[in-house]
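Trainee: fold the following, please.
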Amino acid sequence: MAKKKLVLKVTAGADAPERCSQAFTVAAVAVASGVEVSLWLTGEASWFALPGRAAEFSLPHAAPLPELIEGIRVGGGLITVCTQCAARRDIEEKDLIEGARIAGAQVFVAEAMGDGVQALVY
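Mentor: Model (predicted):
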């Protein structure tokens with residue numbers, strides 16, 4: 001049986017903390033469960049691909065964002081920042097946390113349309 005894959009797009013950051021936290025939590029739980037995860041950071045979530053920025057995020061009764069991100073990375077999850085979102089925020093590939101990348105809509109669509117892929121947007 002093929003390994004299951006989950007593609008998540010996070011469209012919110014500190015501007016919608018519950019939605020943001022839910023997306024990172026689902027991604028981390030999926031990775032820990034053996035699911036192949038591709039986490040896309042768009043809009044204000046793009047900032048969390050920069051070193052130290054996740055530590056600035058706080059939400060009561062939620063797992064710390066840096067721990068969720070580390071769990072995703074260590075577990076083999078892929079973290080991607082939207083090309084346009086990065087450009088609007090002057091974020092370059094060299095600025096990102098280890099293992100993160102910048103890619104565009106064409107790559108997102110290709111990942112989301114793969115066989116056996118489940119895609120979620122938060």
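Trainee: residue 12 is in contact with residue 19, correct?
Mentor: Yes - between residue 19 and residue 12 a contact is recorded at 4.5 Å, counting by C-beta atoms under 8 Å. Just so you know, the C-beta spots here come from the backbone N, C-alpha and C atoms, and that holds for glycine as well.
Trainee: between those two, who's got more neighbours?
Mentor: residue 12 (18 against 15; other C-beta atoms under 10 Å).
Trainee: on that earlier part again, what sits in contact with each of residue 19 and residue 12?
Mentor: Listed as contacting both residue 19 and residue 12 by C-beta atoms under 8 Å, 6 or more residues apart in numbering are residue 122.
Trainee: and residue 5, how many neighbours?
Mentor: Using other C-beta under 10 Å: residue 5 sits among 18 other residues.
Trainee: what stretches of this structure score poorly on pLDDT?
Mentor: 1-2 (pLDDT under 70).
Trainee: quick one: the strands in it, in order.
Mentor: Assigned by DSSP state E, the chain shows strands spanning 5-10, 36-41, 78-82, 100-103, 117-121.
Trainee: got the ones you listed as CSV, with distance to residue 62 columns?
Mentor: Formatted as CSV, those follow (distance: least, C-beta to C-beta, whole Å):
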stretch, distance to residue 62
strand 5-10, 14
strand 36-41, 16
strand 78-82, 19
strand 100-103, 21
strand 117-121, 18
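Trainee: residue 25: which of these is closest?
Mentor: Across the strands of the chain, residue 25 has its closest neighbour in strand 5-10 (10.4 Å, C-beta to C-beta).
Trainee: distance of the closest residue to residue 55 other than its chain neighbours relative to residue 95?
Mentor: Take residue 55 and drop its neighbours on the chain: the residue closest to it by C-beta to C-beta, 6 or more residues apart in numbering is residue 66, 5.3 Å away. Plainly put, residue 66 is 17 Å away from residue 95 if you go by C-beta to C-beta, to the nearest Å.
Trainee: ok, now residue 78?
Mentor: Relative to residue 95, and taking C-beta to C-beta, residue 78 is found at 17 Å.
Trainee: with residue 30 instead?
Mentor: On the measure of C-beta to C-beta, residue 30 and residue 95 end up 26 Å apart.
Trainee: again, but for residue 82
Mentor: With C-beta to C-beta as the criterion, residue 82 and residue 95 are 14 Å apart.
Trainee: no more questions from me, cheers.
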